[in-house]
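# got a structure for you, letters missing:
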């Protein structure tokens, strides 16, 4: 055993450093579902900045130092409080915000978001199935994003009003009618935040022919 460790110490050090890098500094996250359509597609792989908010002890959720503050509009990876799975959603509301959704439309601190229709489209669902969708812009203050509504599927069109507790955040999928987000799993504590998704690294059409989507390579998420 001692000889094996000596002969492979370089590889062991590499694995340890790689593990520290992925769990404390930067990471990548494959997108397995359509909950962030139209901005993130199944088959995208995004770069995650783990130092955007906190410095954590590697391999744990222990916060050593705060490095930055989460902002409305950030695309965030986090650990689900429901089942411990890693999720990626849009940060919509901050601690202390009063939030309500009426007929799919957000109100934050009494101010209603502004919506503008972009287009209607047909979205692939896999196995040859498809679904009509509506694409819109959603603007609240200086924060603007594209979102998606499914006119034939409305799982959670309204909630609240609720006040976001201290050190917790409201996360929603951009695909508002097809996302298991804070409407189902509750608010997300800061300790559960993993990092901020900043860029699409690579992408492939996993619901179709698995061809690379070259036009999405390197695409910024801001």
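Here it is on my side, so go on. All of these numbers come straight from a predicted model, not from anything done at the bench.

# Low-confidence regions, the protein specifically.
Across the chain, the ranges flagged by pLDDT under 70 are 1-26, 125-127, 153-157.

# same thing but at 50, please
4-5, 7-8, 10-21 (pLDDT under 50).

# Would you map the helices across it?
Counting by DSSP state H, one finds helices in the chain at the ranges 2-7, 9-24, 182-185.

# how near is residue 54 to residue 122?
41 Å (CB to CB, to the nearest Å). Heads up, the C-betas are built off the backbone N, CA and C, glycines and all.

# Pick out whichever of these two has more residues nearby.
Set residue 54 next to residue 122 and count neighbours by other CB atoms under 10 Å: residue 54 wins out with 21 against 9.

# First residue to last residue on stretch 119-133, what's the distance there?
9 Å (CA to CA, to the nearest Å).

# ugh, wrong one, stretch 104-112
Span of stretch 104-112 from end to end, CA to CA: 11 Å.

# can you pull the contacts of the spatially closest residue to residue 69 that is not a sequence neighbour?
Of all residues not flanking residue 69 in the chain, residue 53 sits nearest, at 7.2 Å (CB to CB, 6 or more residues apart in numbering). Neighbouring residues of residue 53 by CB atoms under 8 Å, 6 or more residues apart in numbering: 66-70, 190, 193, 195-196.

# Show only the entries of those found in strands.
Of the positions in the contacts of residue 53, 66, 193, 195-196 sit in strands, assigned by DSSP state E.

# Rebuild the residues you listed as CSV, extending it with distance to residue 44.
Listed next are the ones in strands among the contacts of residue 53 as CSV, based on distance: CB to CB, whole Å:
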residue, distance to residue 44
66, 29
193, 20
195, 16
196, 15
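
# Show the buried residues in those residues.
Among the ones in strands among the contacts of residue 53, those classed as buried by 16 or more other CB atoms under 10 Å are 193, 195-196.

# out of everything not next to it in sequence, what's closest to residue 148?
residue 175 (4.7 Å).

# nearest spatial neighbour of residue 37, skipping sequence neighbours?
residue 175 (4.4 Å).

# Same check on residue 30?
According to CB to CB, 6+ apart, the nearest residue to residue 30 is residue 45 (5.1 Å).

# wouldn't the one you found be in contact with residue 32 here?
No. With contacts defined as CB atoms under 8 Å, residue 45 does not count as touching residue 32, sitting 10.6 Å away.

# neighbour count winner among these two?
Ranked by neighbour count (other CB under 10 Å), residue 45 and residue 32 place residue 45 first, with 15 against 12.
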